[in-house]
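In: Here is the input, now give the coordinates:
(2 chains)
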There are 2 protein chains.
Amino acid sequence: MVSVGNRNMFALVEEDLKEMTQNLKRLVGAKHPVLYAAAEYLFDAGGKRIRPAIVLLAARATQAGNPTERHRRLAEITEMIHTAALVHDDVIDTAEVRRGIATVNGHFGNRVAVLAGDFLFAQSSLYLARLGSLEVVELLSIVIADFAEGEILQNLSQFDARLTFDTYIDKSFYKTASLMAGSSRAAAVLSGSPVEVCNGLYDYGKHLGIAFQVVDDLLDFTGSTESLGKPAGSDLQQGNLTAPVLYALEEIPYLAEFIDRQFSTEGDLEKALQLVHTTHGIERSRELARTHARQAVQSLDVLPSSPARQALINLADYVLERVY
Amino acid sequence: MVSVGNRNMFALVEEDLKEMTQNLKRLVGAKHPVLYAAAEYLFDAGGKRIRPAIVLLAARATQAGNPTERHRRLAEITEMIHTAALVHDDVIDTAEVRRGIATVNGHFGNRVAVLAGDFLFAQSSLYLARLGSLEVVELLSIVIADFAEGEILQNLSQFDARLTFDTYIDKSFYKTASLMAGSSRAAAVLSGSPVEVCNGLYDYGKHLGIAFQVVDDLLDFTGSTESLGKPAGSDLQQGNLTAPVLYALEEIPYLAEFIDRQFSTEGDLEKALQLVHTTHGIERSRELARTHARQAVQSLDVLPSSPARQALINLADYVLERVY
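Out: Numbers count the residues shown, from 1 in each chain, chains lettered A, B, ... in the order given. Coordinates of the predicted model:
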């Protein structure tokens, strides 16, 4: 359960989220004993279900009353796409651990991981088509294409100290913000909202997603191995250059040498991490996240006041709280 | 180039297929140096381009004149989905060789193979959405879901001598016939054909696909390693039980012992292959392929005579010629 102070931010949609988790386990698990294990594992593994929560809250905020059946399907699709992308990501990055527990490939091997990811992508395509809105199909198809794009960009720019800030933001958009933007807009489309409301919700998801990714990247520098569920400094070690190190490079260009030699000399990684902490990289990254969270909240001005709109605002605060 | 006797069966659409191959290489290759290599490799690796040829011929057979731009996009989508499925299949089956050359995972590793497959699936979803027909989106989304289904069925039934013939046919449908059926019908849908023509083209693709898969399964027993581009008997060795062995089990039930112990005793596989050849399994499988090819041709009765319809009929003959 995600809470801000004592409030449960997702209280409005908690029941819907529980139902969704059961549906997803049933859907995936029914096919195969191994997929059953993978499903139990995937949909119970401490996932915060932020993406479907955004969809369900956006549904409530854009229309009076409960989310429709189509909104519920959209929430499931969103979580399926997210999970499929995670599973394949972990194969591509050969990651053995995520959120402190073994990944699907780590636990069940590459075969099952590829299969489970394909199954989830395929089911999400099918569910999407059955929503009966070409606009929503196109919105979410772009998201799936953006994932592949983001993964390619990340692979291309590994250990490349000349990576520009724009490319970093693009990568963050493709990897994280595109799904939040597309699915948040899709919720408004399904509500039959006017175009400025649809645009507002797209911008909300986009800026929230970028803030979310920047915070995630920050935590790799400031979090403990225990709180991260993976070794701190993992991103840097794998040559995935993020906001703190890109800012640090502006202040101390010789940091590039460590990156160029891929931290191959004993103690390189530790030295590089320390160097980043001597710069304003961490603080400037926090400010970047704050700016995007603020833009996300402003994008909601197109909506009338409601408990659901307030919950979406609280979500932006929660994203920032993670780094303080 | 695929030919029946001296005729080039795809002559009608040869230019379209060449253009398609160039488009696909450009589309995939533009993103990443490694994907460029993979694209050159994938779209030049002796692929027979039967699936896009069916789409382009079905387009011509269901309307007067050249395929439309949407038909051409559909042909590309069909080849992208097929290629994506192959690439992930080879990761799941840990296959190192296909059509006599190294697979993408064998050549570039699992990372690139998963990435290339995801990229192709994602692009095909996006292109599909942009065709602007919900009916076509749903038809092809079912195909993508069927691939995952087929892969799961195959994994579930490995080395299971109690596999029923119905399940074998289902698996063949999911793995091969679903794409041919769905894309052939989609071509008719894009032509604005009446429903009985759409149904006829679906049935054509379905029966052609099953015939095609049965013939492929037969060749694993009758072909040479050289002609197959992979070791003969590979399917059986991997516990993938197909028509010849299922028929053989009806005549000599003790064949199940070899399968149950997964050919673990020296000489088991060779013995099992010989045993299959002593039964009517090969001949009955040929008859099964013939029956489906005949049904495919009959399904085309809904279409008026035309060179394109004749080419589709020739394609069914060609499928059978491969085993004589």
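
In: residues contacting A:Tyr174?
Out: Residues near A:Tyr174 by Cβ atoms under 8 Å, 6 or more residues apart in numbering or on different chains: A:146-147, A:149-150, A:153. C-beta coordinates here come from the backbone N, C-alpha and C atoms, glycine included.

In: what about the closest residue to it other than its chain neighbours, helix or strand, and which?
Out: Once flanking residues are discounted, A:Tyr174 sits nearest to A:Gly150: 3.0 Å by Cβ to Cβ, 6 or more residues apart in numbering or on different chains. Here A:Gly150 sits within helix A:134-156, counting by DSSP states H and E.

In: and that helix, what other elements does it pack with?
Out: helix A:69-92, helix A:110-131, helix A:165-172, helix A:178-190, helix B:110-131, helix B:134-156 (3 or more Cβ pairs under 8 Å, 6 or more residues apart in numbering or on different chains; DSSP states H and E).

In: What average pLDDT does the fifth one get?
Out: Averaged across helix B:110-131, the pLDDT comes to 86.

In: Ok, the shortest one next?
Out: Taken as a whole, helix A:165-172 has an average pLDDT of 95.

In: quick one: buried residues of it?
Out: Buried residues in helix A:165-172, counted by 16 or more other Cβ atoms under 10 Å in any protein chain shown: A:167-172.

In: Return the closest of the contacts of A:Tyr174 with respect to A:Ile313.
Out: A:Asp146 (25.6 Å; Cβ to Cβ).

In: how close does the residue found closest to A:Ala161 once you drop the neighbours it is linked to in the chain get to chain B?
Out: Excluding its sequence neighbours, the residue lying closest to A:Ala161 (Cβ to Cβ, 6+ apart) is A:Ala256, at 3.8 Å. Going from A:Ala256 to chain B by Cβ to the nearest Cβ, to the nearest Å gives 22 Å.

In: tell me which element A:Ala256 falls in.
Out: helix A:255-260.

In: Now do that helix: which elements does it pack against?
Out: Applying 3+ Cβ pairs under 8 Å, 6+ apart, we find helix A:255-260 packed against helix A:243-251, helix A:268-278.

In: Mind giving me the packing neighbours of the shortest one?
Out: Other elements packing on helix A:243-251 under the criterion 3+ Cβ pairs under 8 Å, 6+ apart are helix A:165-172, helix A:195-222, helix A:255-260, helix A:268-278, helix A:281-299.

In: deepest of those, which one?
Out: Highest mean neighbour count of the helices and strands packed on helix A:243-251: helix A:195-222, a mean of 22 (counted as mean count of other Cβ atoms under 10 Å in any protein chain shown).

In: Report the distance from that helix to the chain centre.
Out: 9 Å (Cα atoms, centre = their mean, to the nearest Å).

In: burial measure for A:Gln158, as a count.
Out: 13 (other Cβ atoms under 10 Å in any protein chain shown).

In: ignore the last one, A:Ser234
Out: Residues near A:Ser234, counting by other Cβ under 10 Å: 15.

In: For it, which non-adjacent residue is closest in space?
Out: A:Asp220 (6.2 Å).

In: again, but for A:Arg73
Out: A:Tyr127 (5.6 Å).

In: re earlier: got the contact list for the residue nearest to A:Tyr174?
Out: A:Gly150 neighbours (Cβ under 8 Å, 6+ apart): A:171, A:173-175, A:178.

In: Just put these in TSV and tack on distance to A:Gln158.
Out: Below are these laid out as TSV (distance: Cβ to Cβ, whole Å):
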residue	distance to A:Gln158
A:Lys171	11
A:Phe173	18
A:Tyr174	15
A:Lys175	14
A:Ser178	21
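
In: which among those gets closest to A:Gly132?
Out: Of these, the one sitting nearest to A:Gly132 (Cβ to Cβ) turns out to be A:Ser178, at 22.6 Å.

In: which non-adjacent residue is nearest the closest one?
Out: A:Asp146 (4.0 Å).

In: if I look at the one you found, how far off is A:Ala181?
Out: Distance from A:Asp146 to A:Ala181, counting by Cβ to Cβ, to the nearest Å: 10 Å.

In: The residue nearest to A:Arg73 touches A:Ile77, doesn't it?
Out: Yes. The criterion here is Cβ atoms under 8 Å, and A:Tyr127 meets it with A:Ile77 at 5.0 Å.

In: Who has more neighbours out of these two?
Out: A:Ile77 (27 against 19).

In: burial count for the residue in the stretch 201-324 of chain A positioned nearest to chain B?
Out: Per Cβ to the nearest Cβ, A:Gln238 is where the stretch 201-324 of chain A lies closest to chain B, at 12.2 Å. Here the number of neighbours of A:Gln238 (other Cβ under 10 Å) works out to 16.

In: Dihedrals phi and psi, it?
Out: phi -90, psi 0 (degrees, to the nearest 10).

In: swap in A:Lys25?
Out: Dihedral angles for A:Lys25 - degrees, to the nearest 10 - are phi -60, psi -40.

In: Quick one: residues contacting it.
Out: A:39-40, A:43.

In: follow-up on the earlier one: buried deepest among the helices and strands packed on helix A:134-156, which one?
Out: Most buried among the helices and strands packed on helix A:134-156, given mean count of other Cβ under 10 Å as the contact rule, is helix A:178-190, at a mean of 27.

In: for the record, mean pLDDT for that one?
Out: On average, helix A:178-190 scores 98.

In: Could you quantify the relative orientation of that helix and helix A:110-131 as an angle?
Out: Here helix A:178-190 runs at an angle of 20 degrees relative to helix A:110-131 (axes from the mean of the first three to the mean of the last three Cα atoms, to 10 degrees).

In: helices or strands up against helix A:178-190?
Out: helix A:50-62, helix A:69-92, helix A:134-156, helix A:195-222.

In: close enough to count as contact, A:Leu236 and A:Ala272?
Out: Yes. Using Cβ under 8 Å, A:Leu236 is in contact with A:Ala272, at 6.4 Å.

In: Near chain B, which residues of chain A? Just list them.
Out: A:31-32, A:34-35, A:88, A:91-92, A:94, A:110-111, A:114-115, A:117-119, A:121-123, A:125-126, A:128-130, A:132, A:134, A:137-138, A:141-142, A:144-145, A:147-149, A:151-152, A:155-156 (Cβ under 8 Å from any Cβ of the partner chain).

In: Of all the helices and strands packed on helix A:243-251, which one is nearest B:Asn314?
Out: Among the helices and strands packed on helix A:243-251, the nearest to B:Asn314 by Cβ to Cβ is helix A:165-172 (48.7 Å).

In: now the closest one against helix A:134-156, angle please.
Out: Going by the same axes, to 10 degrees, helix A:165-172 makes 120 degrees with helix A:134-156.
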